[in-house]
Each structure stands twice: as structure tokens, then as C-alpha cells.
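Trainee: Dropping the sequence and predicted coords here.
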Amino acid sequence: MFESLQERFQGVFRQLRSEGRVGEEHVQAAMREIRLALLEADVHFKVVRGFVEKVGEKALGAEVVGSLTADQQVLKIVRDEMVTLLGEPGGELRTDAKSVGVGSGKAAVVLLCGLQGSGKTTTSGKIAQRLRAAGRRPILVAADLQRAAAVEQLRQVGAAIDVAVLVPEEGEDVAALGRRLLIAAPAAGHDVAIVDTAGRLHVDEDLMGELRGLIDIVTPTEILYVADAMTGQDAVRSAGDFAASVDLTGVVLTKLDGDARGGAALSVRTVTGVPLRFVGVGEKADDLDVFDPERMTSRILGLGDVLSLIEKAGKVVDGAEAQRLARKISKRQFTLEDLQDQLRQLRKMGPLSQLMDLLPRGGPFRGMDTTDVDESRLTRVQAIISSMTPSERRKPETLNASRKRRVARGSGTTVQDVNQLLKQYREMKRMMKKMKGKFLRGAMGA
């Protein structure tokens, strides 16, 4: 994610690293590179112009403070301006039902709109999952009657997360479905309805008329524009058109785990005038994060997002298990069974390439290429360990030549693969011997 933009910014800062003071010639050269980097990332040209002017004005003649070098000074200015450009942090959805609900109560309505293929249906499921985790009782509403199989797709999304789906009856149009929603949702005990509306290949008046009619009927508490982060200015232009036609309350950027250049993320707030609320960072139902401009800026500039990495770990790592492992490491009792458990927890955090995207691109991580991450390597390691007996996992030194051949056959690997794993395990134990468990005990508060 943002790899090309990260490299361009890192190149600008490296260029400035040898300077003790930011002079006019250095600022002008850096601004030219930053302008080109942003334009190549498909950032809106008006956004680029305003951003570069502000950064240039603040950087020109800026003094190096304390031990800061020129590159760090400019980096701070760029970071601060980018945080401002991205706008305020996102927030949880407003789900206080308006006065139009009828029946046994009122249900708040969250309406999603956008172009075809932007990820509205998947995002609807992620929002439902998020609301249910917060103690709400959501229902999904299939209001996309234009795209073939859209209703069935939402049914599958709902089934995967165990959330009910309201589908149109035969001959029912979008307006009639909206009116039925107001009665059916609260009557069935649902307090929030997430409406998945129709998308188009481009913005047209028919779409907007249908959308405005549905909004008048269900009076949503939130109207979210869902934009594909990988489509750059196409997403931004469409977002501006939607914002001019309906009262958007926020934007959701999807597919940020893909090859996003950064254009949509950096432009959409300025073009629409509404805040970024959520970002989709994966394919799983809970891969939807509240937008944080500071974290997003850090990732765009290649500074990493360690807080997000910690949060991902916190969701899957068992605290008691981590403390148990810390004690075993401190006693030098770390076994292949423990390594297998750690690999399982690592896999739960998501693809390795996504986790590595959260690491900074400077210091010891400079030059790291996340595109060459071999996800299958973890699978092979797990297969090798699983092919061992419990005794062998606890005492790998008992693995002689014949046992290694048996493990290799059972795991579909080679004896060389088994030997490589055992070598890496021994190196890991030597490293942990030096640590003596202090780091892990401190990290877990043990």
C-alpha cells in the first residue's frame, strides 16, 4: 500500500539529509519532487498545488531545531500538513434513529452509495459486523436492484456473519422496499439497518433520482460514500458528484490493502468536503478501521503504523498464553510446539505482506520489499512441525536422519527444508537465551 509514494518521499528526505539548514534551493528541489510524487500518485492537481505551496512556505528557511537535521525538519512539516489535509479523525456511526420509524420501535438507517465495484456490499457486511460487536442488532437491506446477483451476494455476506438480510419481494421497487424497511426492521427487533444501494459505471441522473427518493423515505442517520482507493481520481470525481447531489456524512475508502497509490486518500476530503470515516484494510468481516489521519500519514510517508500492528496483535494474542511463553523463554524451555502456537497466532493477524506494510521504511527496515513475502513458507513450516510427534516437537534434538525423512514425507517437503527449520529454531533459541525473557515480560506486564 502506497509503496511508490513512500519511495518518492523517502528519496526526497534522503536528498536533504546532508544539509544542516534548509535553504531556498533545497526547498525548491524538494517541492518539485514532492509535486511530481503526488501527481504520479493520482492526487487531485488542486490538492497538490495547495499542499506544495503550504509546505514550501513553512519549509523555506526553517531552522534546524536541536539535533534535527534538514530532512527531519521538512519531514515534520510535510507530516503536519498531510495530517491537516486528510482532515479530522473518523468516528463511530451515528445510530440514533430519526422520527420516521414506525411499528414496535425505530431503527436507525445507514445508507451506502457509490459506483459499481467500489465494495459497497462487502462494506455493508463489515459495518454490520462492527455494529453487532458494539451490541447493536443490525439488518442488511438489499436495495441494489440493478446489478445481477447483487441481492444474492448480500445474502451470502449476511450468512457469513450471521446477520439477517431484508430482500425485495417480487415486483417491489426501491421506494417500496424502503417503506417496508421502516416497518419490518423494528418489528423483527433490529435497531440499525444498513442499506446497500445500486451503483453505476458512472454517475447519472437516474441513479441520483432513485437515491434521493430512497433517502427521503428512510431519512438515514448516515449517508456514506464508498470509494475504491485503487481507482484514484475516478473515485474522487465521483465522490464530488455524489456530494453535490446528496448530503453525504462521510467517506469509506476500500481496498487499502491493495496497490493503492494514495490519490483517493489524499484528495477525497478536500473534494467532497466531508470527512473520511472508515478504511477497509482486508477481506475479513472485521477488516474495517476507523480512519485516523495521523496513522494514515505515517503509512503514506513510510513511517510505519506500529499502533495498528499492536492493535492487530491484541485482537488475536491470548494474554495468558503470552505470559506463559515469556516464562518458558526465560527458563530456556521454548520448543517447536511453542513456535507452532506462535505461527498460528501470527496467521490470524492477516497476510504477512499487510503486517509488513505497518513497519517503518527507514532504519533497519529500509529496503524491505513486501512484494516478495513468501506466505507459503509459513504453511510449510507449520506442516513440518505438525508431521513430528509430540515428543519430537518438545525435543527436536532426537530427530535423526530416518525421522527427518519421515517428517519430510509427511509434510510434503524435503529433508533440506526440515534441516533449515531446525537450524532457524536453534538460532532463535540462542537469541532468546540472550534476551532472557525480559522484553516479553515487560511487554505483557508480567
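Mentor: Looks like it arrived, so ask away.
Trainee: does residue 193 sit in a helix or strand, and which one?
Mentor: With elements taken from DSSP states H and E, the one containing residue 193 is strand 192-197.
Trainee: in that strand, what's buried?
Mentor: Of the residues in strand 192-197, 192, 193, 194, 195, 196, 197 count as buried by neighbour count, 16 or more other C-beta atoms under 10 Å. All C-beta spots, glycine's among them, are computed from the backbone N, C-alpha and C.
Trainee: so what's the first one up against?
Mentor: Under the criterion of C-beta atoms under 8 Å, 6 or more residues apart in numbering, the contact partners of residue 192 comprise 95, 107, 108, 109, 110, 131, 136, 137, 138, 139.
Trainee: which non-adjacent residue is nearest the fourth one?
Mentor: Once flanking residues are discounted, residue 109 sits nearest to residue 220: 4.1 Å by C-beta to C-beta, 6 or more residues apart in numbering.
Trainee: Same question for the second one.
Mentor: For residue 107, ignoring the flanking residues on the chain, the nearest one in space by C-beta to C-beta, 6+ apart is residue 185 at 4.0 Å.
Trainee: Only alpha carbons, please: show whatever helix or strand the one you found lives in as CSV.
Mentor: Mapping residue 185 onto the secondary structure by DSSP H and E places it in helix 174-187. Included here for helix 174-187 are C-alpha records, laid out as CSV according to Å, rounded to 0.1, in the frame of the first residue of the first chain:
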residue,chain,number,x,y,z
VAL,A,174,-36.5,0.5,-4.2
ALA,A,175,-39.0,3.0,-2.9
ALA,A,176,-41.5,0.3,-1.8
LEU,A,177,-38.6,-1.7,-0.2
GLY,A,178,-37.6,1.4,1.8
ARG,A,179,-41.2,1.9,3.1
ARG,A,180,-41.3,-1.8,4.1
LEU,A,181,-38.0,-1.5,5.8
LEU,A,182,-39.4,1.1,8.2
ILE,A,183,-41.9,-1.4,9.5
ALA,A,184,-40.1,-4.7,9.1
ALA,A,185,-36.8,-3.8,10.7
PRO,A,186,-38.1,-2.7,14.2
ALA,A,187,-40.8,-5.3,14.1
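Trainee: And the residue lying farthest from the centre of the chain, how far from residue 418?
Mentor: For the chain, the residue at maximal distance from the C-alpha centroid (C-alpha atoms, centre = their mean) is residue 402, at 45.9 Å. With the distance defined as C-beta to C-beta, to the nearest Å, residue 402 ends up 12 Å from residue 418.
Trainee: do the same with residue 163
Mentor: 45 Å.
Trainee: now the helices: where do they sit in the stretch 251-400 of the chain?
Mentor: In the stretch 251-400 of the chain, the segments counted as helices under DSSP state H, counting those that start in this stretch are 263-272, 293-300, 306-316, 319-330, 336-348, 352-357, 375-386, 390-394.
Trainee: whoops, I mixed them up, the stretch 1-150 of the chain
Mentor: Applying DSSP H, counting those that start in this stretch to the stretch 1-150 of the chain gives helices spanning 3-16, 24-40, 45-59, 70-86, 120-133, 150-161.
Trainee: same for the fourth one, what does it pack against?
Mentor: Using 3 or more C-beta pairs under 8 Å, 6 or more residues apart in numbering; DSSP states H and E as the contact criterion, the secondary-structure elements in contact with helix 70-86 are helix 3-16, helix 24-40, helix 45-59, helix 263-272, helix 293-300.
Trainee: 7 Å instead, please
Mentor: helix 3-16, helix 45-59, helix 263-272, helix 293-300 (3 or more C-beta pairs under 7 Å, 6 or more residues apart in numbering; DSSP states H and E).
Trainee: Just want the angle from that helix to helix 45-59.
Mentor: Orientation of helix 70-86 against helix 45-59 (axes from the mean of the first three to the mean of the last three C-alpha atoms, to 10 degrees) gives an angle of 140 degrees.
Trainee: In helix 70-86, which residues are buried?
Mentor: Using 16+ other C-beta under 10 Å as the burial criterion, the residues of helix 70-86 that qualify are 70-75, 77-79, 81-83, 85-86.
Trainee: thinking again about what came up before, go through the buried residues of strand 192-197 and name the one nearest residue 120.
Mentor: Minimum separation from residue 120 among the buried residues of strand 192-197 (C-beta to C-beta) is found for residue 196, which lies at 5.5 Å.
Trainee: What mean pLDDT does the strand holding residue 193 get?
Mentor: If you average the pLDDT over strand 192-197, you get 96.
Trainee: Extract the C-alpha set from that strand and format it as CSV.
Mentor: Once non-C-alpha atoms are left out, strand 192-197 reads as follows in CSV (Å, rounded to 0.1, in the frame of the first residue of the first chain):
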residue,chain,number,x,y,z
VAL,A,192,-30.0,-0.5,12.8
ALA,A,193,-30.5,-1.1,9.0
ILE,A,194,-27.6,-0.9,6.6
VAL,A,195,-28.8,-0.2,3.1
ASP,A,196,-26.7,-1.4,0.2
THR,A,197,-27.8,0.8,-2.8
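Trainee: By residue count, which helix of the chain is the longest?
Mentor: Under DSSP state H, the helix in the chain containing the largest number of residues is helix 415-435.
Trainee: just to revisit the earlier point, is the residue nearest to residue 109 in a helix, a strand, or coil?
Mentor: coil (DSSP: H, G, I helix; E, B strand; the rest coil).
Trainee: Can you tell me the centre-most residue of the protein?
Mentor: The structure's the chain has its C-alpha centroid closest to residue 281; by C-alpha atoms, centre = their mean the separation is 2.3 Å.
Trainee: if I pick that one, what's in contact with it?
Mentor: Counting by C-beta atoms under 7 Å, 6 or more residues apart in numbering, residue 281 touches 256, 257, 287, 289.
Trainee: so how far is residue 126 from the third one?
Mentor: It stands for residue 287. In terms of C-beta to C-beta, residue 287 sits 7 Å off from residue 126.
Trainee: Please enumerate the shared neighbours of those two.
Mentor: Taking C-beta under 7 Å, 6+ apart as the contact rule, the neighbours common to residue 287 and residue 126 are residue 280.
Trainee: what about these two, which has more around it?
Mentor: Shown here are residue 287 and residue 126; by other C-beta atoms under 10 Å, residue 126 has more neighbours (26 against 19).
Trainee: pretty sure that one is in contact with residue 288, am I right?
Mentor: Yes - under the criterion of C-beta atoms under 7 Å, residue 126 makes contact with residue 288 at 3.9 Å.
Trainee: Many thanks, I have nothing further to ask.
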